[in-house]
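Student: Sequence and computational prediction follow.
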Amino acid sequence: MNNREFAEKIFMAGVRSVLPEKLITGLIKLDGSVLAIGEHKFQLDDIRNIYVIGAGKASAAIGHYVESILGDRITYGVIVVKYGYYCKLKRINVVEAGHPIPDSNGFKATEEIIRISEKASENDLVICLISGGGSALMADLPENLLPEELYIVNNLLIRCGAAINEINCVRKHLSRVKGGQLARIVSPAHLVTIILSDVPGNQPEVIASGPTVADPSTFSDALKVFEKYDLTTDVTSGVLNYLKEGSLGMHPETPKPGDQIFTGTLIIMAGTNQVALNASKSKAVSMGFKTYIIDSELHGDVENICESIISTALSFKNNTEIPKPVCLLYGGETTIKISGDGKGGRNQHLALSAAIRLRTIPGITFLSAGTDGTDGPTDAAGAVADSDTALRAQSLNADPESYILDYNSYNFFKRVGGHIITGPTFTNVMDLVIVLIE
């Protein structure tokens with residue numbers, strides 16, 4: 001087995017540790033009429049209806065295990081997932097929709113989620129399942145704005161290099177459910193939100209734009225994001241005017257920390273990138289690698305991150321006091337400002353950038369992949385590279401620099417080899433980077 005295969009096995013160990021079956025079966029327990037979710041207990045004799053709602057790539061898989069525990073006690077529910085992440089449930093309607101750009105299915109599913117939330121009363125329990133991708137999948141708009149305007153906003157924000165908290169700040173203020181507004185609709189029903197984190201720092205108000213969590217950001221903050229990335233002339237006048245009116249108090253703000261609607265609501269962080277990193281570390285150690293978790297909150301520009309990781313790898317490689325082989329682990333999510341017309345994603349771009357830097361440095365293997373199984377609008381989770389990657393590219397007359405300038409990492413690895421293909425994993429706790437050093 002070579003280091004590329006070792007790296008992929010270490011990656012998959014991390015993914016398997018955050019599969020919903022692992023996370024949910026120990027989190028939710030039913031003993032007679034007593035439902036325990038985490039440390040909180042509900043007497044179901046006092047609960048009239050249980051509704052299950054949610055959004056995100058992993059939400060249907062989580063819903064499957066919630067349904068296996070609660071069964072017919074669930075009155076009804078709606079969950080919206082990315083295409084390809086569907087699983088059939090008995091009591092919960094699962095809708096596939098567009099991601100990262102919302103589509104009509106996302107809008108229809110969100111309207112149904114709103115209807116269920118409006119129906120819930122003080123004697124009902126609403127269980128909300130949230131995972132990465134929920135911001136785009138739970139698609140809605142304030143009145144007088146068109147879906148096409150949201151498509152434009154999402155596309156601009158994804159391509160401009162904005163951080164996820166900045167993107168979601170805008171999304172919250174162009175929505176009726178994000179930024180705690182879904183909790184406002186559900187109130188006064190009991191509300192439990194179960195989250196798989198896909199953001200550095202695991203802030204619940206950022207994950208899927210925090211539909212059930214108090215939002216500290218404002219309309220003015222959303223406007224500043226457009227100004228920061230010079231997008232004010234690119235978005236429609238309708239969107240810009242709506243945010244400006246909101247900053248002047250003409251539209252209701254998102255509910256803030258301390259709002260009484262959050263009294264008694266329960267937020268449970270079921271899975272994080274750290275869980276995956278710990279499992280990957282255990283696997284690497286079992287395979288004989290001296291293993292270090294370097295960073296569990298990786299974030300920032302993809303090129304700067306690549307430079308930093310390779311620099312760290314070289315320092316380990318050149319340090320004769322550190323026994324080899326070594327495995328360095330990183331978790332998080334980089335950002336990328338796209339200016340080319342190619343096909344790819346942040347993980348493949350990061351791996352291609354590493355391949356360029358490693359072409360004269362043997363003995364280092366670099367894997368970057370998304371735990372959700374998809375990287376950008378592609379069927380790859382990511383890619384793995386080493387010094388042989390550039391040599392193989394040269395033999396095929398494939399110039400790595402031209403591919404990276406066109407943001408065409410997917411087609412580079414499709415031609416040269418190195419893709420990590422998992423298919424939908426039905427989980428999502430950001431990305432893992434595995435660096436193996438001989």
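Tutor: Here it is on my side, so go on.
Student: okay, CA-based contacts and neighbour counts for the rest of this
Tutor: Noted.
Student: Have a look at this protein and report its longest strand.
Tutor: The strand that spans the most residues within the chain, counting by DSSP state E, is strand 290-301.
Student: Name every strand pairing with that one and say which way it goes.
Tutor: The strands beside strand 290-301 in its sheet (DSSP bridges) come out as strand 326-335 (parallel).
Student: next structured bit after the strand it pairs with?
Tutor: helix 346-357 (DSSP states H and E).
Student: List the buried residues for that following helix?
Tutor: The neighbour-count check on helix 346-357 (16 or more other C-alpha atoms under 10 Å) flags 346-357 as buried.
Student: and these as TSV, adding distance to V275 and pLDDT?
Tutor: Output for the buried residues of helix 346-357, formatted as TSV (distance: C-alpha to C-alpha, whole Å; pLDDT from 0 to 100):
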residue	distance to V275	pLDDT
R346	22	97
N347	20	98
Q348	23	98
H349	25	98
L350	23	98
A351	23	98
L352	27	98
S353	27	98
A354	25	98
A355	28	98
I356	31	97
R357	30	97
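Student: can I get these in JSON lines with distance to V285?
Tutor: Below are these laid out as JSON lines (distance: C-alpha to C-alpha, whole Å):
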{"residue": "R346", "distance to V285": "27"}
{"residue": "N347", "distance to V285": "24"}
{"residue": "Q348", "distance to V285": "26"}
{"residue": "H349", "distance to V285": "28"}
{"residue": "L350", "distance to V285": "25"}
{"residue": "A351", "distance to V285": "23"}
{"residue": "L352", "distance to V285": "27"}
{"residue": "S353", "distance to V285": "27"}
{"residue": "A354", "distance to V285": "24"}
{"residue": "A355", "distance to V285": "25"}
{"residue": "I356", "distance to V285": "28"}
{"residue": "R357", "distance to V285": "27"}
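Student: Report the rounded mean pLDDT for the helix or strand just after the longest strand of the chain.
Tutor: Using DSSP H and E, the helix or strand that follows strand 290-301 in sequence is helix 302-318. Across helix 302-318, pLDDT averages out at 98.
Student: This structure - how does it break down into domains?
Tutor: 23-140+175-217+254-271, 274-437 (automatic domain parsing).
Student: Which of those sits closest to K228?
Tutor: Nearest to K228, of all the domains of the chain, is domain 274-437, at 13.5 Å by C-alpha to C-alpha.
Student: how long is that closest one end to end?
Tutor: Length of domain 274-437, first residue to last, C-alpha to C-alpha, to the nearest Å: 22 Å.
Student: check contacts around F366.
Tutor: With contact set as C-alpha atoms under 8 Å, 6 or more residues apart in numbering, F366 has these partners: 7, 351, 354, 384-386, 433-436.
Student: what about the residue positioned nearest the centre of the chain, which helix or strand?
Tutor: By C-alpha atoms, centre = their mean, the chain has its centre lying nearest to G132, at 3.1 Å. Using DSSP H and E, G132 sits within no helix or strand.
Student: Could you pull up the residues touching it?
Tutor: Taking C-alpha under 8 Å, 6+ apart as the test, what G132 contacts is 56-58, 196-198, 207-208, 428-430.
Student: nearest to L248, of these?
Tutor: When the contacts of G132 are compared against L248 (criterion: C-alpha to C-alpha), the nearest one is A208, at 26.0 Å.
Student: any idea of the mean pLDDT for stretch 362-379?
Tutor: For stretch 362-379, the per-residue pLDDT averages 96.
Student: ok, now stretch 417-436?
Tutor: For stretch 417-436, mean pLDDT rounds to 97.
Student: Span of that stretch from start to end?
Tutor: Note: stretch 417-436 ends 18 Å apart using C-alpha to C-alpha.
Student: any idea how far stretch 377-391 is from the chain center?
Tutor: When C-alpha coordinates are averaged (C-alpha atoms, centre = their mean, to the nearest Å), stretch 377-391 and its chain have centres 21 Å apart.
Student: buried residues in it?
Tutor: Buried residues in stretch 377-391, counted by 16+ other C-alpha under 10 Å: 379-391.
Student: So for L150, which of the domains of the chain sits nearest?
Tutor: That would be domain 23-140+175-217+254-271 among the domains of the chain, by C-alpha to C-alpha, at 7.8 Å.
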